[in-house]
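Chemist: Please find the sequence and the predicted model below.
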Amino acid sequence: MTEVEGLLRELAPQVLAALVRRYGGFDTCEDAVQEALLAASLQWPVEGVPEHPKGWLITTASRRRIEQWRSETARQRREEALASAPPPEPVPGVDDTLTLLLLCCHPSLTRPSQVALTLRAVGGLTTAEIARAFLVPEATIGQRISRAKRLLRGERFTLPEAERPSRLAAVLQVLYLIFTEGHTASSGGELNRVELTTEAIRLVRQLPPGGEVTGLLALMLLTEARRPARVDASGALVPLAAQDRSRWNAAFIAEGVSLITTALSTSPVGPYQLQAAIAAVHAEALTAADTDWAEILTLYDLLRVVAPGPMVTLNRVVAYAQVHGPEAGLAELASVDLESHHRVAAVRAHLLELSGDVEGAREAYLTAARRTLSLPEQAYLQSRASRLSRP
């Protein structure tokens with residue numbers, strides 16, 4: 001990402017917020033901002049970044065918004081009033097970003113639409129960049145964004161205080177989904193999609209800190225810290241126990257541990273905080289053998305109460321097996337209501353291998369490989385199966 005691209009991505013939500021506050025109409029304002037961003041991306045690398053880049057973008061987008069309005073109406077008085085109106089005053093970037101995030105995660109939108117609109121309007125990614133990140137056709141992403149903008153037409157830029165907690169919870173879910181897809185891509189040839197994890201971390205930093213927001217940021221940082229060691233020189237997946245921990249991002253770990261320590265001691269415990277605490281236990285273990293699995297199991301027991309779900313249960317099985325043995329883990333695995341997911345088969349394979357059932361483990365690894373769409377995961381699981389093949 002060039003310096004200009006980074007600056008435009010940072011300013012995009014602030015400029016969009018300024019226009020929506022001034023003119024209303026999220027859909028038309030977003031179109032005007034996109035045109036201003038395109039103009040800047042073409043002009044600034046050649047002519048240089050203006051002294052006040054945010055003001056330049058607001059002025060350019062405002063002119064475009066006025067032109068759109070003129071083309072839509074024949075009312076001379078309204079046209080003249082808009083034409084003579086001064087550019088909107090700058091407004092606080094963090095507040096605007098939060099308001100935009102809340103709007104992009106409106107409950108009337110589907111989750112895929114919320115994700116696409118968030119990355120476009122707040123993240124500043126182009127439709128093509130979003131499509132590449134999620135490995136779907138650009139036209140599909142474009143349709144999701146267009147539908148979302150139509151549904152938001154007429155929505156107020158301000159949000160009643162009573163709706164903020166539930167809407168903020170949706171924002172956290174969307175950002176977590178974006179991060180998760182970037183950390184372990186659900187399909188395709190790459191294990192990680194760094195542009196998504198980076199953008200999710202950047203966006204969550206824009207939210208007011210505290211409680212689950214801090215917990216989510218800590219979880220992202222502690223998870224992203226392991227990324228450099230998750231693949232080897234050939235691009236093959238390296239499991240957590242085999243990773244070179246000297247390659248982990250020490251700065252991310254230090255910040256993540258500090259954040260989750262503060263959050264747990266100052267606010268009610270939530271699911272993101274508990275997941276971050278689990279990640280912190282892994283991060284603070286000097287070697288895989290030093291991992292405090294008993295503490296991790298306790299945290300998963302709490303998480304299962306706070307936010308029950310099949311994936312939480314599956315992850316708890318792994319910790320349970322580490323504490324009580326692979327046979328006990330296999331017995332617990334029977335309670336996981338996620339049978340068709342490749343991770344269930346992968347966990348079963350690992351536990352069968354540890355318990356000495358080589359043939360059962362080999363078949364389970366192959367089953368897991370068939371169920372995942374991620375090529376790096378397929379290759380890893382197939383390699384595990386091959387290693388257990390009969391001579």
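Modeler: Yep, that arrived. Being a predicted model, the structure only gives us computed values, none of them experimental. Numbers count the residues shown, from 1 in each chain.

Chemist: So Ile138 sits against Ala131, correct?
Modeler: That one is not Ile; residue 138 is Glu. Yes. With contact defined as Cβ atoms under 8 Å, Glu138 reaches Ala131; the gap is 4.1 Å. No exception for glycine: its C-beta is placed from N, CA and C like everyone else's.

Chemist: Look at the two and report which has more neighbours.
Modeler: Relative neighbour count places Ala131 above the other of Glu138 and Ala131, with 19 against 14, counting by other Cβ atoms under 10 Å.

Chemist: Show the pLDDT at the more buried one.
Modeler: In this model, Ala131 is scored at 84, pLDDT.

Chemist: Looks to me like it is in a helix.
Modeler: Yes. Secondary structure of Ala131 (DSSP: H, G, I helix; E, B strand; the rest coil): part of a helix.

Chemist: in terms of contact, does it touch Gln143 like I think?
Modeler: No. The pair Ala131 and Gln143 fails to qualify as a contact (Cβ under 8 Å) at a distance of 10.9 Å.

Chemist: Going by residue numbers, what spans are helices in the stretch 251-391 of the chain?
Modeler: Per DSSP state H, counting those that start in this stretch, the stretch 251-391 of the chain has helices spanning 271-284, 293-306, 310-324, 326-333, 342-355, 358-371, 375-387. These are given in chain order.

Chemist: hey, C-alpha coordinates of the shortest one in PDB?
Modeler: Extracted in PDB, the C-alpha atoms of helix 326-333 (Å, rounded to 0.1, in the frame of the first residue of the first chain):
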ATOM      1  CA  PRO A 326      -6.700 -38.300  24.100                       C
ATOM      2  CA  GLU A 327      -9.300 -41.100  25.000                       C
ATOM      3  CA  ALA A 328     -11.100 -38.700  27.300                       C
ATOM      4  CA  GLY A 329     -11.000 -36.000  24.500                       C
ATOM      5  CA  LEU A 330     -12.500 -38.500  22.000                       C
ATOM      6  CA  ALA A 331     -15.400 -39.100  24.500                       C
ATOM      7  CA  GLU A 332     -16.000 -35.400  24.800                       C
ATOM      8  CA  LEU A 333     -15.900 -35.000  21.000                       C
END
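
Chemist: Could you pull out the buried residues of that helix?
Modeler: Of all the residues in helix 326-333, those buried under the rule 16 or more other Cβ atoms under 10 Å are Pro326, Gly329, Leu330, Glu332, Leu333.

Chemist: returning to that earlier point: export the helices of the stretch 251-391 of the chain to a markdown table and append columns for distance to Glu224.
Modeler: Below are these laid out as a markdown table (distance: least, Cβ to Cβ, whole Å):
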| stretch | distance to Glu224 |
| --- | --- |
| helix 271-284 | 10 |
| helix 293-306 | 19 |
| helix 310-324 | 18 |
| helix 326-333 | 28 |
| helix 342-355 | 20 |
| helix 358-371 | 25 |
| helix 375-387 | 17 |
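
Chemist: Could you identify which of these is most buried?
Modeler: Neighbour counts (mean count of other Cβ atoms under 10 Å) averaged over each of the helices of the stretch 251-391 of the chain peak at helix 271-284, with a mean of 23.

Chemist: Give me the residues contacting that one.
Modeler: 172, 176, 211-212, 214-216, 218-219, 222-223, 225-226, 240, 248, 253, 256-257, 259-261, 263-264, 267, 291-292, 295-296, 299-300, 302-303, 306-307 (Cβ atoms under 8 Å, 6 or more residues apart in numbering).

Chemist: picking up where we left off before, make a markdown table out of the buried residues of helix 326-333 and add distance to Asp357 and pLDDT.
Modeler: Putting the buried residues of helix 326-333 into a markdown table (distance: Cβ to Cβ, whole Å; pLDDT from 0 to 100) gives the following:
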| residue | distance to Asp357 | pLDDT |
| --- | --- | --- |
| Pro326 | 9 | 95 |
| Gly329 | 13 | 96 |
| Leu330 | 9 | 95 |
| Glu332 | 16 | 93 |
| Leu333 | 13 | 92 |
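
Chemist: What residues does Ser335 make contact with?
Modeler: With Cβ under 8 Å, 6+ apart, Ser335 has these contacts: Thr313.

Chemist: on that earlier part again, would you tell me which of the helices of the stretch 251-391 of the chain gets closest to Leu101?
Modeler: Proximity to Leu101, assessed across these by Cβ to Cβ, is greatest for helix 271-284 (15.9 Å).

Chemist: what is the orientation angle of that closest one with helix 293-306?
Modeler: In this structure, helix 271-284 runs at an angle of 170 degrees to helix 293-306, with axes from the mean of the first three to the mean of the last three Cα atoms, to 10 degrees as the basis.

Chemist: Distance from the chain centre to helix 271-284, please.
Modeler: Once both centres are worked out by Cα atoms, centre = their mean, to the nearest Å, helix 271-284 turns out to sit 17 Å from its chain's centre.
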